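Q: Mind folding the following:
(chains A, B and C)
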Amino acid sequence: MSETVLEVNNLTASFQTLDGEVKAVNGISYELKYGEILGIVGESGSGKSVGVMSLTRLIPPKECTLSGEVIFQGENLLNLHSSDILRVRGDKISMIFQDPMTSLNPVLTIGEQISETIIHHKKVSESEARKNTLELLHLVGIPDVQQRIKKYPHQFSGGMRQRVMIAMGLACKPAILIADEPTTALDVTIQAQIIDLIKKIKDDIGMSVIWITHDLGIIAGLAQRVLVMYAGKIVEEAPVEELYAKPLHPYTQGLLNSLPRLDGSKHEELSPIEGLPPNLIDYPQKCPFFDRCGKRKEICSDPPVLKKTIYPEHLVSCHLY
Amino acid sequence: MSVPLQVHRTFLEDAFRRFAQNRLALIGLVLVLLIIFFAVFAHFLAPFSYEKARFDRVLLMPFQHPEHPLGTDEVGRDYLSRLIYGARTSLIVSLSVQGISLLIGLPVGAIAGYFGGKFDYVICRVIDIMTAFPALLFTILIISVLGGGLGTIVIALSLTSWIIIARITRAQVLSLRELEYCIAARSIGASEWRILMRHLLPNAMSPILIAVSFGIPAVIFAEAGLSFLGLGVNDPIASWGKMVGVSNAYIRVYWHLALFPTLAIAITMLGFSFLGDGLRDALDPKQKIQK
Amino acid sequence: MILFAVSVIVFSLMHSVPGGPFDERKGRLPAAAKANILKKYGLDQPVWKQYMNYMSHALRFDFGIPYQRPHTTVAKLIGKSWLITVQVGLTTIFFAFSIGIILGIYAAYHQNTWIDNFVTFISSLGVTVPNFVVAMWLILIFAVHYNWVPMGGWGSSGQCLFGKYFCTDWILPVVAYAIAPMSLVARYTRASVVEVMGEEYVRTARAKGLNESKVMRRHVFRNAQIPMITALGTEIPNLITGSIFIESTFRINGLGKYFVTSTLNRDYPMIMATFLLVALLWGIIYLLTDIAYTLIDPRIRLGGSSIN
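A: Residues are numbered from 1 along each chain as shown, chains lettered A, B, ... in the order given. From the prediction side, this is the model:
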């Protein structure tokens, strides 16, 4: 099935700082299909985290102003009353974060933390929730669940903790799971396990996944479609094989070029992208990659660059096309 | 894209700047300077002697007599003068106590931190016990042994105050020691080392300076409290605390006896407190991030 | 262990003093009479023996006879005062902590608004001004000027809530005593809550869709308690034993008052007894708060056994 589960239209998240306005997310639009794994790639500061946190309005409105549309199950989440968005969070759209040590409450047992979500949203009894929790822990591959359910986060290793986080995220069988760099803090073998786990579960539950990372290697083995973000905007969007085979945007090309290759010669120098990401304070209207782009033309300093369709399913935000 | 200009300031200039921007700190500074002014020039500022009793002018209310704008106490001494001299007492006690605390605390803390070993262990135990236990009670105990009076209070309070200085000094020496060895191990050139010392020293001195600046009002409080209870300075030395203590009996009618010294104490404490806060905020290494 | 050290220190101090309660200062006694008195009080025995003697008696709560009033025993004199001091302390702790915590949480939740700045400023005042100064001001305003509440005493005003508890003459002393700790509690609470609110697991809790009240209760406050108890733990024993100024100002017959008067009179047994009692009280409560701390933080309780 390829029905759309989430539709994001021109989402902007702006912060008022002492030095001016910062648009961490600057008018992004995309769709998430049923059962799809969408990868979002970008460097630090590209707006990928803020982008997904804005979907469920996790950033306090005092700090951040949102505009645009986030359409989910027929409603614009940005317009929902504050108590209504609470019903979506955790239950229909769930999120897991990067560092499971700091993302889990140290003074509650993992059982309590998982059951808490179930009790709050499904209004079941504690014993009922506990049964569910045990099943979930089993599902994510934690051994000896009867014993572990009573343990505290600090008594687990990093990989196990992240599995707990995943269990927590899946507790109410959400329609969408957002994973914000969940494997960045883990070592590579554990990474692989977690990725396999997500892929398997996604099919069991019928869930869509948004996976954020700065690691291009992970995306290759996991996602079906990829968004590349830079300075708060989406610069390229494509199915994963196409992105790697035919990157169109100069930034994407630069990223892929900078990766060390197994088949490259030993004496090849790595080629990073020159320059630094732009300062987003009161950013002028031009292509965000302008200063670092090797292929820039005069037209690129013009007003915002819109996404244009090149190949089917492959979109890019660049004057070159 | 222009890189924001980084202005290079020394640590002290930075601290000074931060301090000057802190309104409360400046108020504190002004108050403290005022107190010091009164204390130093008490002799010239006070219209009367602080000790001569005049039994024909006992317990006058403020403005009752043209020569005594703040009234007189229970033996006819001018209250204004007593207040002014009280500043002197507070300052003398607090500065002496802090001075002695530094004299004892700095070397003890430094040796304990630098050499470690059994000496350090013992000192640590002492510090632990004495920090947790309420110092005031201990001080009173010492006073009970030594008798009251100005000298006794200074000794007693010093005995409880040096611990704080020692603890901070020890901590500083410990961290400095690590740094020194690190540098030596990395064999950076000697001149850089000297620069680091110039930066390290202000860093090391700051916590001690801050401790002293908070210690002074603490001692003023202690002296006032002890004198309030009758365990402090003896008559006829003017002490705000003593004045308050005595005033309790007369409070129904002669409210001025209580009001003025309490105000004096409060203002002094607040002044030093704001100053101390300001100093701490200005010298706090965490705030060295420049905009 | 600390108690032992304390009692040794105290005792040695008492005896290292070149002079005693019957010294020349109080008036001359004929040598024979002096020897007699010394013998009666056991002061002529070697120091360490006196100590053993004393401690064995003390453990049976026999503190001897106060020098100033040879008619009653120290124990009888202090007996009631012990309870009064504890009453003062407990009532103050209750009010100071409850109001302080509420203010602290409120300020933390409204961080950087005028509410927060106001609370922070007032609490810095509250911490600085000495409690006897505040006490005098309160007396001046509410007892002298307005005559709403009595000026002194504890439990003797006749108008009480529960029999002999919560009387009108409790009001001023408790308020005066509570202002400083309340401000301290508010400050620490605010700092602790602010810090916890910035933690990632609070974000997780919100991402799970929990409402604010659940987030604050289960996630924020449970964690904020921990550093608070560390910081405020010593406040509790200090508050119970530190009411000296308040007792003196309001003429409350508590342990503090006796401590002071016995010091003024150089009354050995009284001083020893009151100090030991105070130290004992302090030690017990210190231990209790330590235990509470280990109970609340599972990381300490269970250690960190890593399971793979």
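
Q: Tell me where chain B has strands.
A: In chain B, no strands are defined using DSSP state E.

Q: which phi and psi does C:Asp169 have?
A: Torsion angles at C:Asp169 (phi, psi; degrees, to the nearest 10) stand at phi -80, psi 10.

Q: what does the one 3 residues further on give?
A: Dihedral pair for C:Leu172: phi -60, psi -50, per degrees, to the nearest 10.

Q: What is the burial count for it?
A: C:Leu172 has 24 neighbouring residues, counting by other CB atoms under 10 Å in any protein chain shown. C-betas here are computed from N, CA, C, even on glycine.

Q: Chain B against chain C: which residues are in contact?
A: When proximity is defined by CB under 8 Å from any CB of the partner chain, chain B lies next to chain C at B:129, B:132-134, B:136-137, B:140-146, B:217, B:221, B:224-225, B:228-231, B:244-245, B:247-248, B:251-252, B:255, B:258-259, B:262, B:265-266, B:269-270, B:273, B:277.

Q: How about chain A?
A: Residues of chain A lying near chain C by CB under 8 Å from any CB: A:56, A:58, A:83, A:86-91, A:94-95, A:97, A:99, A:102-108, A:116-117, A:120-121, A:148, A:151-152, A:154-157, A:159-160, A:165, A:168.

Q: Mind listing what's buried along the longest helix along chain C?
A: Using DSSP state H, we find that the single longest helix of chain C is helix C:74-109. Buried residues in helix C:74-109, counting neighbours by 16 or more other CB atoms under 10 Å in any protein chain shown, are found at C:74-75, C:77-78, C:81-82, C:84-89, C:91-93, C:95-97, C:99-101, C:103-109.

Q: Average pLDDT for that helix, rounded please.
A: Per-residue pLDDT over helix C:74-109 has a mean of 84.

Q: Next: stretch A:3-17.
A: For stretch A:3-17, mean pLDDT rounds to 88.

Q: what sits up against it?
A: Stretch A:3-17 is contacted from outside by A:21-34, A:47, A:50-51, A:54-55, A:59, A:63-72, A:175-176, A:208, A:281, using CB atoms under 8 Å, 6 or more residues apart in numbering or on different chains.

Q: do stretch B:265-282 as well
A: B:15-16, B:18-19, B:22, B:24-32, B:34-35, B:87, B:90, B:209-210, B:213-214, B:216-217, B:220-221, B:224, B:240-241, B:244, B:287, C:124-125, C:128-130, C:133.

Q: among those residues, which are in helices?
A: Per DSSP H, the contacts of stretch B:265-282 map to helices at B:15-16, B:18-19, B:24-32, B:34-35, B:87, B:90, B:209-210, B:213-214, B:216-217, B:220-221, B:224, B:240-241, B:244, C:124-125, C:128, C:133.

Q: re earlier: filter the residues of chain A next to chain C to the buried ones?
A: In terms of neighbour count (16+ other CB under 10 Å), the buried residues within these are A:56, A:58, A:86, A:88-91, A:94-95, A:97, A:99, A:102-108, A:116-117, A:120-121, A:148, A:151-152, A:154-156, A:159-160, A:165, A:168.

Q: so how far is chain B from the residue nearest the centre of chain A?
A: A centroid search over chain A (CA atoms, centre = their mean) returns A:Ile212, at 3.2 Å, as the residue closest to the centre. A:Ile212 sits 26 Å away from chain B when distances are taken as CB to the nearest CB, to the nearest Å.

Q: Help me confirm that that residue is found in a strand?
A: Yes: membership of A:Ile212 in a strand is supported by DSSP: H, G, I helix; E, B strand; the rest coil.

Q: Show the model's pLDDT score for the closest residue to C:Pro227 other than its chain neighbours.
A: Once flanking residues are discounted, C:Pro227 sits nearest to C:Ser192: 5.0 Å by CB to CB, 6 or more residues apart in numbering or on different chains. On pLDDT, C:Ser192 comes in at 90.

Q: How about C:Trp48?
A: For C:Trp48, the model assigns a pLDDT of 45.

Q: In helices only, show me the buried ones among the residues of chain A next to chain C.
A: Under the assignment DSSP H, those contribute A:86, A:88, A:102-103, A:116-117, A:120-121, A:148, A:159-160, A:165, A:168 to helices.

Q: so how far is B:Asp14 from B:Asn21?
A: For the record, residue B:21 is Gln, not Asn. 11 Å (CB to CB, to the nearest Å).

Q: Of these two, which one has the most company?
A: B:Asp14 (16 against 12).

Q: can you list contacts of stretch A:116-127?
A: Contacting residues not belonging to stretch A:116-127 are listed as A:87, A:90-91, A:108, A:115, A:128-129, A:132-133, A:168, A:171-172, C:208-211, C:214, C:218 [CB under 8 Å, 6+ apart].

Q: dump the residue contacts of residue 214.
A: In the absence of a named chain, this looks at chain A. By CB under 8 Å, 6+ apart, the neighbours of A:His214 are A:41-44, A:181, A:184.

Q: Switch to chain C, please.
A: The neighbours of C:Lys214, taking CB under 8 Å, 6+ apart as the test, are A:116, A:120, C:205.

Q: Pull out the buried positions in the helix or strand encompassing A:Tyr244.
A: Here A:Tyr244 sits within helix A:240-245, counting by DSSP states H and E. Buried residues in helix A:240-245, counting neighbours by 16+ other CB under 10 Å, are found at A:240, A:242-243.

Q: what helices or strands is that helix leaning on?
A: With contacts taken as 3 or more CB pairs under 8 Å, 6 or more residues apart in numbering or on different chains; DSSP states H and E, helix A:240-245 sits against helix A:216-222, strand A:225-230.

Q: among the ones you listed, which is the most enclosed?
A: strand A:225-230 (a mean of 25; mean count of other CB atoms under 10 Å in any protein chain shown).
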